[in-house]
Structures are given as structure tokens and as C-alpha cells.
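Novice: need a structure here:
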Amino acid sequence: IGVSANGFNAYFIFKVLMVAMVAFIFVQAISFFCRSLAELREGEDSDGKYLDLDNPKQPVVPAAVDVK
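Specialist: Predicted structure coming up:
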């Protein structure tokens with residue numbers, strides 16, 4: 001807990017928000033890593049598994065097509 005010399009009265013709240021932002025960044029990094037690890041463990045079976053077929057803008061590519 002500190003007081004800013006420049007007269008910024010919300011310094012403690014600012015520090016709390018900065019720590020919260022960093023915590024959320026770490027949570028997002030951990031969740032991204034866990035999902036990537038799960039897809040790596042699943043292997044080729046995960047190809048197109050979570051494809052959103054309700055989205056008309058997303059191209060539907062069959063998993064058997066070899067794109068070169």
C-alpha cells in the first residue's frame with residue numbers, strides 16, 4: 001500500500017486492478033496451454049471435432065482431404 005507523490009488518490013485501486021489483470025492473463029495462458037495439450041494428446045481424432053457448423057462464414061473442409 002502506497003501513496004503516489006503526484007496526487008493520484010486511487011493508487012491502491014490501480015495496483016489491485018493491475019494485479020487482477022496479470023492474474024487473468026495467467027489464467028488465459030494456462031487454459032490455452034491445457035487445451036493445446038489436450039488436442040496434442042488426442043491426436044488426429046481432434047481434427048474438426050469442435051468445428052462450428054452453425055457459422056456460415058466458416059468453411060467446411062472434410063478431414064479426409066489432404067490440402068497441400
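Novice: Buried residues in the helix or strand hosting A29, which are they?
Specialist: Taking DSSP states H and E as the criterion, A29 maps to helix 11-42. Neighbour counts over helix 11-42 (16 or more other Cβ atoms under 10 Å) mark no residue as buried. Heads up, the C-betas are built off the backbone N, CA and C, glycines and all.
Novice: Going by contacts, tell me the helices and strands next to that helix.
Specialist: Applying 3 or more Cβ pairs under 8 Å, 6 or more residues apart in numbering; DSSP states H and E, one finds that helix 11-42 contacts no other helix or strand.
Novice: shaky segments in the chain?
Specialist: Low-confidence segments of the chain, defined by pLDDT under 70: 1-8, 52, 55-56, 58-68.
Novice: Apply 80 and report the result again.
Specialist: Low-confidence segments of the chain (pLDDT under 80): 1-11, 45-68.
Novice: Can you name the residues that contact E42?
Specialist: K49 (Cβ atoms under 8 Å, 6 or more residues apart in numbering).
Novice: no no, L37
Specialist: No residues are in contact with L37 under the rule Cβ under 8 Å, 6+ apart.
Novice: ok, so what distance separates it from S46?
Specialist: Distance from L37 to S46, counting by Cβ to Cβ, to the nearest Å: 11 Å.
Novice: what do you get for M18?
Specialist: Distance from M18 to S46, counting by Cβ to Cβ: 36 Å.
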